[in-house]
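Colleague: Make a model of this:
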Amino acid sequence: MSSIVVSELEYAPPASDSLFFDVGFGVSPGEVAALVGANGVGKTTILRILAGEIEADEGEFALGGTVLRMTQDVGMSRPTDTVRDLLIEVAPTALREAGRAMVAAEKAMLDGTDSGMDYAEHLTHWGDLGGYELETQWASAARRSVKSPIEDFSTRLVSELSGGERKRLVLDLLLTSGADILLLDEPDNYLDIPTRVWLESQIKSCRSTILMVSHDRVLLERAATKIIVIEGSGSWVHGGSYATFPEARARRQELLGDALKRWNDEERRLFRHMKIMKQRAAVNPKNASKADAAETRWEKFVAIGPPPPPVPDQRINLRLRGADSARRVVQLAHVSVNDLFMPFSDEVYFGERVGLIGPNGTGKSHLLGALAGTIEHVDGTIKFGPRTSVGTFTQINDRADFLGRECIDIVRARLFEDEKSMKALARYGLAGNARQQFDTLSGGQKARLEILCLELEGHNVLLLDEPTDNLDIESSEALEHALDGFQGTVIAVSHDRTFLAKLDRFLMINDDGDVFSLPDYEVAMAALSSPASVGKLRLAKKLN
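Modeller: From the prediction side, this is the model:
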């Protein structure tokens, strides 16, 4: 049976406290379950444990049948890899090991360190395990997913494919593989909106049992049939889609009662966990240190005493204030960048929220870079109005001026006082990272720090490139709430449909390089998903 059963799972990173403990849930055959929770609670770690990449400190799990896993950075870490290398890494375990050995033997033969006998042996083993049939699946998936034909998987470099093509190729392969269980870590990352719509339909039609991590709220609403929440170092399960999850969580919080009852429940949970560990230690002395740690954790909790009244669930408090500017914020006249799209003209006015949308590779980020002044070879003119101050959020959070610096130093440079800087970091959930260097932060933490700096710098024009890409759902909602009260203008590139729905109007760049001005979200989504809609827009543009 292609089920997933997890019981009392616990994991602590080396030299650190437990990331989570007492995590338990089940996923029935054919279900699509989503792991949700704040950045850093251990969602990816749970997938890695289930995939056998790392070992849990405690607990048990059982996976029924064949298991395939996709990491969130699949195809992104080694640009010198070939497409064959990429696809071998997502093959079933036996084929993955055979494929790696075959590639190593092939390299040894080509560089003269082996006569070729070893390669022939590994090639035969690859074929015996079903490698040639797998290569046929590769070819079919590539025809559906990659724009330019792949003639030879062993020579075509991964770096020659866009991030979206790499992700779609792997997803297509896994979702049609017939595997019993799929473990998918942020499958929507790097995908444009049409491909996210494709992903939703593929997941819903896939017969595999799926456990995934995602921050795409529309994908969760449309594809997930069960929500597994990782919070408070443990877990709980909502047996429905994400559409009903916020209401269910609010109801659960209400049922938990006041702060004292919540404290008592947690104290009982820690006490029971300590007792279980003591019992295990009595049977196996190797568990003594873990039992002592559980007892210490319970004693420390009890020593602190009952908590004060609970803080609001919204832990991330963004304050994007902005300032007044001229009515016409920016004027674009016959603008084009590196021939990525046709020259177009437009004007953006104070207070507007403008979304830049379109398939991957059409030049949206280049246009945002042209507005920010970081792109050269811009044709046409871009002119900002008086009293405008432009702040930029980068898609990959690669601020060179932040590298090698601690978070507290970055914020202090804008607030000049340690106390104020710590309070600002706390509002963004970064107080515990104050002395951590920017380079070592997670993607979500880097994103929050960059947004904090935009707040402190007081810009009235924000250029945002995929601002919610690395944010957990709570942080994304906090950003959206902050932008609602922002006194200024926003121009954003995004594939996050929940985020886009809050914007006023859109500029869409399609694969042919046409640029269309679209009046609202519904028209924009229809244009992205329907070639007929684009045809009507093109005709209307000619008539005007």
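Colleague: Glu165 against Lys147, yeah?
Modeller: Yes - applying Cβ atoms under 8 Å, one finds Glu165 in contact with Lys147, separated by 6.9 Å. Just so you know, the C-beta spots here come from the backbone N, C-alpha and C atoms, and that holds for glycine as well.
Colleague: Please say which of those two ends up with more neighbours.
Modeller: Neighbour count, other Cβ atoms under 10 Å: between Glu165 and Lys147, Glu165 has more, with 22 against 9.
Colleague: got the phi/psi numbers for the more buried one?
Modeller: phi -60, psi -40 (degrees, to the nearest 10).
Colleague: And Thr388, by the same measure?
Modeller: Dihedral angles for Thr388 - degrees, to the nearest 10 - are phi -100, psi 140.
Colleague: could you measure it against His122, distance?
Modeller: According to Cβ to Cβ, to the nearest Å, Thr388 and His122 sit 62 Å apart.
Colleague: Between the two, which is the more surrounded one?
Modeller: Using other Cβ under 10 Å as the criterion, Thr388 and His122 rank with His122 on top: 21 against 18.
Colleague: quick one: pLDDT of that one?
Modeller: Note for His122: predicted pLDDT of 93.
Colleague: Then Thr468?
Modeller: Note for Thr468: predicted pLDDT of 88.
Colleague: going forward, begin numbering at 612 instead of 1
Modeller: Okay, using 612 as the starting number, the last item reads as Thr1079.
Colleague: in what helix or strand does it lie?
Modeller: Take DSSP states H and E as the rule and Thr1079 turns out to sit in neither a helix nor a strand.
Colleague: do you know how far it is from Ile1062?
Modeller: In terms of Cβ to Cβ, Thr1079 sits 10 Å off from Ile1062.
Colleague: now do Trp909
Modeller: According to Cβ to Cβ, Trp909 and Ile1062 sit 37 Å apart.
Colleague: ok, the two, which is more surrounded?
Modeller: Neighbours were counted for Trp909 and for Ile1062 using other Cβ under 10 Å; Ile1062 has more, 24 against 21.
Colleague: what residue ranges in the stretch 612-761 of the chain score low on pLDDT?
Modeller: For the stretch 612-761 of the chain, the stretches with pLDDT under 70 are 612, 688, 690.
Colleague: nope, the stretch 962-1111 of the chain is what I was after
Modeller: 1006-1009.
Colleague: Please enumerate the helices of it.
Modeller: In the stretch 962-1111 of the chain, the helices defined using DSSP state H, counting those that start in this stretch lie at 975-983, 1018-1026, 1029-1038, 1054-1068, 1084-1095, 1108-1111.
Colleague: could you point out which element follows the last one?
Modeller: It stands for helix 1108-1111. Counting by DSSP H and E, the element after helix 1108-1111 in chain order, helix or strand, is strand 1116-1120.
Colleague: okay, that following strand in PDB with CA atoms only?
Modeller: Provided in PDB are the C-alpha atoms of strand 1116-1120 (Å, rounded to 0.1, in the frame of the first residue of the first chain):
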ATOM      1  CA  ARG A1116      -3.300  46.400 -13.000                       C
ATOM      2  CA  PHE A1117      -0.700  44.500 -15.000                       C
ATOM      3  CA  LEU A1118       1.800  44.600 -17.800                       C
ATOM      4  CA  MET A1119       2.100  41.200 -19.500                       C
ATOM      5  CA  ILE A1120       5.000  40.200 -21.700                       C
END
